[in-house]
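Asker: Make a model of this:
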Amino acid sequence: MFTANTYIDRRAQLRTSMKSGIILFPANHEASSNYAANTYPFRQDSNFLYFFGLNEPNYVGVIDIESGRDWLFADDLTMDDIIWMGYLPSVKDIAALSGVENTAPLSQLNEVIQKAIRQGRPIHYVNPYRSQVALQLMKLFDTTFEALKVGQSVDLIQAIVKQRSIKSHEEIIEIEKAGLVAHQMHTAAMRMCRPGIYEYQIAGAMEGITLAHNGGVSFPIILSMNGQTLHNHDHSQMLKEGRLVVADAGAETAMNYCSDITRTTPVGGKFNQRQKEIYEIVLKANMDSIASLKPNIPYRDIHLQACTIIGEGLKALGIMKGDISAAVQQGAHAIFMPHGLGHMMGLDVHDMENMGENLFGYDQEIQRSEQFGLAYLRLGRRLQTGFVLTVEPGIYFIPALIDMWKSQGKFTDFINYEKLETYKDFGGIRIEDDVLITTEGAKVLGPHIPKGVQELEDFCAE
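Answerer: Numbering: from 1, shown residues only. As a prediction, this is how the structure comes out:
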């Protein structure tokens, strides 16, 4: 945890952004795997972590806007709990770590909610993404699952987004720690990227590094020779010479701050000519995008710039043709890069995504597109100093998508399908870094992980 004053200040800042009522922050519950007592590793709700800092299940935080008082509702452990899980401090002692003086058993929360309802006070909450929390709120409000989403507080979400989007110095330090672990993960993967090694051996080694640093992965590791599948969690293949391995993985610190890095490595450590040509296009899109980042620029503009670089590079190879500006405007490039350039990152690897991307990635000025490819851009609005985001361009040759567009005769003025047919066995390439927006530009977070063609080949050869 940070110091108690950090959480006191965060709650006070949130309170000033809201007009009236009470704010409800339920913690997550333990989630069962194959039977009730066998649970997945516990992961706290990120909003609860941000405002209360406690990594304990079954708590509920309440912020009273008018009175200025904060509460934590939870039950002390029973002797049965202590026998199986060991001794823990009392709820009151745990609450003190967060700077909260007022505590009460969970059974008293219903009385607080009912009193607020009788008084006509607004009750602000974010629509839950876990069923146990949803059931808890449905019981408290005597409402239906469908009504929960309708009743969530957009004012609260907007206040949280405004606050959590700007990372403090202490948060940046935590993200840098996650980047340090990611460096070890990816350099280990590069060293292991040899013929005869199985993908699961590399994925297992990477996850083991995160566990050895008192954390875990920030999301299930994506690692595959089939890099054309964007979120490929199958690790069953044996590595073969002439293939590329896309490794998209990050670490989560003990305080739950995240990293998210992607590197693409040739099996055996040496690119062939065709791989090198495509890789260098993606690398240019990655590096030029980072160099262009600064406050007040819409991230959508950086995304479109990266798409243009990719289009021009593919045109030079004869895979695309025609006016690339027009091709990008119409979305023809999305057959090669059907995803967005990046997303916000922090306590969540896709930061604040549970509250709805349109409420934090877009605003009244910049609305989400419905165009294929561009619609998947998670962050489009203007950048601000203190944002942390990913920059992750890629080029993918997806046989099913190629076949569909070709059969439909789509974008024949921009796509050379005859040449494209020869790349259907290629796979994909993605290069991703985590970046902090500074007052004058941008800073890549974490230690440098090889990504230039020569430096990557030299590293693999060591």
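Asker: before we move on, what SS does the residue nearest to Gly313 when sequence neighbours are not counted have?
Answerer: Nearest residue to Gly313, sequence neighbours excluded (CB to CB, 6 or more residues apart in numbering): Ile281, at 3.3 Å. Glycine gets a C-beta too; all of them are placed from N, C-alpha and C. Following DSSP: H, G, I helix; E, B strand; the rest coil, we place Ile281 in the helix state.
Asker: Next, count neighbours for Ile281.
Answerer: For Ile281, the count of nearby residues is 23 (other CB atoms under 10 Å).
Asker: That one contacts Leu314, doesn't it?
Answerer: Yes: between Ile281 and Leu314 there is a contact under CB atoms under 8 Å: 6.8 Å.
Asker: Please, which helix or strand holds Asn58?
Answerer: Asn58 belongs to no helix or strand when assigned by DSSP states H and E.
Asker: For it, give me its contacts.
Answerer: Shown in contact with Asn58 (CB atoms under 8 Å, 6 or more residues apart in numbering): Ala27, His29, Glu30, Ala74, Asp75, Leu106.
Asker: Mind picking the two most distant members of those?
Answerer: Glu30 and Leu106 (14.7 Å; CB to CB).
Asker: hmm, who's touching whichever strand or helix holds Ala306?
Answerer: Per DSSP H and E: Ala306 is located in helix 299-316. Residues from elsewhere that reach helix 299-316 (CB under 8 Å, 6+ apart): 280-282, 284-286, 288-289, 292-293, 320-322, 324-325, 327-328, 332-334, 336-337, 340-342, 366, 373-374, 377, 379-383, 389, 391, 393, 395, 414.
Asker: show me where the stretch 251-400 of the chain has helices.
Answerer: Secondary structure of the stretch 251-400 of the chain (DSSP state H, counting those that start in this stretch): helices at 273-292, 299-316, 324-330, 357-360, 399-408.
Asker: quick revisit: and the average pLDDT for the helix holding Ala306 is what?
Answerer: Confidence over helix 299-316 (mean pLDDT, whole number) is 98.
Asker: Which of the residues in it are classified as buried?
Answerer: By neighbour count on 16 or more other CB atoms under 10 Å, the buried set for helix 299-316 is 299-300, 302-315.
Asker: circling back: contacting residues around the residue nearest to Gly313?
Answerer: Ile309, Ile310, Gly313, Leu314, Ile395.
Asker: do the same with Ala461
Answerer: Here Ala461 is in contact with Gly269 (criterion: CB under 8 Å, 6+ apart).
Asker: With Leu140 instead?
Answerer: Here Leu140 is in contact with Leu109, Asn110, Ile113 (criterion: CB under 8 Å, 6+ apart).
Asker: pLDDT and secondary structure for the residues you listed - can I get that in CSV?
Answerer: Shown next, in CSV, are the contacts of Leu140 (pLDDT from 0 to 100; DSSP: H, G, I helix; E, B strand; the rest coil):
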residue, pLDDT, secondary structure
Leu109, 96, helix
Asn110, 95, helix
Ile113, 94, helix
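Asker: which of those residues tops the neighbour count?
Answerer: Counting by other CB under 10 Å, top hit in the contacts of Leu140: Ile113 with 21 neighbours.
Asker: which non-adjacent residue is nearest it?
Answerer: Leu140 (5.0 Å).
Asker: Quick check, pLDDT for the one you found.
Answerer: 94.
Asker: can you give me the offset of whichever strand or helix holds it from its chain's centre?
Answerer: Per DSSP H and E: Leu140 is located in helix 131-141. In terms of CA atoms, centre = their mean, to the nearest Å, the centre of helix 131-141 is set 26 Å apart from its chain centre.
Asker: Quick check: buried residues in that helix?
Answerer: So helix 131-141, judged by 16+ other CB under 10 Å, has buried residues Val133, Ala134, Gln136, Leu137, Met138, Leu140, Phe141.
Asker: who touches the last one in this structure?
Answerer: What that stands for is Phe141. By CB under 8 Å, 6+ apart, the neighbours of Phe141 are Ile113, Ile117, Ile123, Ala147, Leu148, Gly151.
Asker: same check, this time on the fourth one
Answerer: The neighbours of Leu137, taking CB under 8 Å, 6+ apart as the test, are Leu24, Pro26, Tyr125, Pro128, Thr143, Leu148.
Asker: per-residue confidence at it?
Answerer: pLDDT, Leu137: 96.
Asker: and Ser98, what are its phi and psi?
Answerer: phi -100, psi 0 (degrees, to the nearest 10).
Asker: Tell me how far it lies from Glu111.
Answerer: 22 Å (CB to CB, to the nearest Å).
Asker: Neighbour count: these two, which is higher?
Answerer: Ser98 (23 against 10).
Asker: Can you spell out which helices and strands pack onto the helix or strand of the chain with the lowest mean pLDDT?
Answerer: Least confident helix or strand of the chain, by mean pLDDT, DSSP states H and E, is helix 79-85 with a mean of 85. Using 3 or more CB pairs under 8 Å, 6 or more residues apart in numbering; DSSP states H and E, no helix or strand is in contact with helix 79-85.
Asker: And the residue nearest to Ile113, how close does it get to Ser107?
Answerer: From Leu140 to Ser107 the distance is 12 Å (CB to CB).
Asker: what residues are up against Gly428?
Answerer: Gly428 touches 226-230, 244, 246, 264, 394-398, counting by CB under 8 Å, 6+ apart.
Asker: For my notes, confirm Val435 occurs in a strand.
Answerer: Yes: with three-state DSSP as the criterion, Val435 is assigned to a strand.
Asker: Just read off the phi/psi values of the residue nearest to it when sequence neighbours are not counted.
Answerer: Nearest non-adjacent residue to Val435, counting by CB to CB, 6+ apart: Ala442, 4.9 Å away. The phi/psi pair for Ala442 (degrees, to the nearest 10) reads phi -150, psi 150.
Asker: what about the longest helix along the chain, distance to the chain center?
Answerer: In the chain, assigned by DSSP state H, the helix with the most residues is helix 169-192. How far helix 169-192 lies from its chain's middle: 15 Å, per CA atoms, centre = their mean.
Asker: Residues contacting the helix or strand just after that helix, please?
Answerer: Counting by DSSP H and E, the next helix or strand C-terminal to helix 169-192 is helix 199-212. Helix 199-212 is contacted from outside by 181, 184-186, 188-189, 192-193, 216-217, 221, 223-225, 234-239, 245, 247, 249, 251-252, using CB under 8 Å, 6+ apart.
Asker: And helix 199-212, what's buried?
Answerer: Buried-residue list, helix 199-212, by 16+ other CB under 10 Å: Glu199, Ile202, Ala203, Met206, Glu207, Ile209, Thr210.
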